[in-house]
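Got a predicted model here, sequence first, then my questions.
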Amino acid sequence: GQQLNQSPQSMFIQEGEDVSMNCTSSSIFNTWLWYKQDPGEGPVLLIALYKAGELTSNGRLTAQFGITRKDSFLNISASIPSDVGIYFCAGRGQGAQKLVFGQGTRLTINP
Amino acid sequence: SAVISQKPSRDICQRGTSLTIQCQVDSQVTMMFWYRQQPGQSLTLIATANQGSEATYESGFVIDKFPISRPNLTFSTLTVSNMSPEDSSIYLCSVARGYSGNTIYFGEGSWLTVV
């Protein structure tokens, strides 16, 4: 079945630094979604990508749908304390109804 | 986007009991999904809730343990039956919207602790 590998699993950074995380899949995807989850809450959609090569921004966040359709990355610029949380990538393959999730990247920011 | 409300948001349950989680969406949707997120883990799809027909369950999940109702296009329930401590998780309702229904939005989640 489809699998997603998300990295890194955790990041410890200083406030103000830029962050980059990525996901790779074992098969071609036609949708990539990036979510942020705070403790005890449901995931909140950050960015949705639907086309290979698509680059989309949401404030300080930027995500890209890889040309090969097997990867995506999320960048956060100039991190702030409220960026702390767990970030999940998710993707859906061609003809598939099921959304596959990465293992998550836990972001910790040192003030 | 979508406004998805879940009840309860949190509960502490006794072993062997059952609990029903409700999910209400702000407008009609064709596809609703139920996910489980065990502590420190990613999200796992339990089932797809279909209006007017039985839910479609993923491998490892069965109707007797996780019965689902979908009486209309804005509401669904998930019951966690005969709970054990291993069922302690966040249960999440989600809906498909947007471009070709490819965008999935989540409710706030229902955090169940089984003691």
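It's in. As the structure is a computational prediction, the values presented were derived from the model and not from experiment.

For stretch B:12-19, measure first residue to last.
Chord length of stretch B:12-19, first to last residue, is 10 Å (Cα to Cα, to the nearest Å).

Show me which positions of that stretch end up buried.
Within stretch B:12-19, the residues that count as buried by 16 or more other Cβ atoms under 10 Å in any protein chain shown are B:13, B:19. (Each C-beta comes from the backbone N, C-alpha and C, glycine too.)

at contact distance from chain A, anything in it?
No: figure legend: stretch B:12-19 not in contact with chain A (Cβ under 8 Å from any Cβ of the partner chain); closest approach 13.9 Å.

mean confidence for that stretch?
For stretch B:12-19, mean pLDDT is 97.

quick one: the strands in the chain?
With no chain named, the answer covers chain A. A:4-7, A:10-14, A:19-25, A:29-37, A:44-49, A:55-58, A:61-65, A:71-76, A:85-93, A:100-101, A:105-110 (DSSP state E).

other chain: chain B
Using DSSP E, strands in chain B cover B:4-7, B:10-13, B:19-25, B:31-37, B:44-50, B:56-57, B:68-72, B:75-80, B:89-97, B:103-106, B:110-114.

Listing partners with orientation, what would you give for the lowest-mean-pLDDT helix or strand in chain B?
Lowest on mean pLDDT, DSSP states H and E among the helices and strands of chain B sits strand B:103-106, with a mean of 90. Partners of strand B:103-106 in the sheet, by DSSP bridges, are strand B:89-97 (antiparallel).

Distance from the chain centre to the strand it pairs with, please.
On the basis of Cα atoms, centre = their mean, to the nearest Å, strand B:89-97 is displaced by 5 Å from the centre of the chain it belongs to.

coming back round to it: out of the strands of chain A, flag the one nearest B:Leu43.
strand A:100-101 (4.8 Å; Cβ to Cβ).

From the contact counts, what lies against the closest one?
With contacts defined as 3 or more Cβ pairs under 8 Å, 6 or more residues apart in numbering or on different chains; DSSP states H and E, the packing partners of strand A:100-101 are strand A:85-93.

ok, the strand it packs on near chain B or not?
Yes: judged by Cβ under 8 Å from any Cβ, strand A:85-93 and chain B are in contact via A:88, A:90, A:92.

Let me know whether A:Ile13 touches A:Val19 as I believe.
Yes: with contacts counted by Cβ atoms under 8 Å, A:Ile13 reaches A:Val19, the gap being 6.2 Å.

before we move on, back to that, mind putting the strands of chain A into CSV with mean pLDDT?
Shown next, in CSV, are those (pLDDT from 0 to 100):
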stretch, mean pLDDT
strand A:4-7, 95
strand A:10-14, 96
strand A:19-25, 96
strand A:29-37, 95
strand A:44-49, 95
strand A:55-58, 96
strand A:61-65, 98
strand A:71-76, 98
strand A:85-93, 94
strand A:100-101, 92
strand A:105-110, 94
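
B:Gln22: how many residues sit nearby?
Each residue near B:Gln22 was counted by other Cβ atoms under 10 Å in any protein chain shown, and the total is 16.

what do you get for B:Glu54?
13.

ok, A:Thr105 - contacts?
Listed by Cβ atoms under 8 Å, 6 or more residues apart in numbering or on different chains, the contact partners of A:Thr105 are A:6-11, A:21, A:86-88.

what sits against B:Ser89?
Contacts of B:Ser89 by Cβ under 8 Å, 6+ apart are B:36-39, B:111-112.
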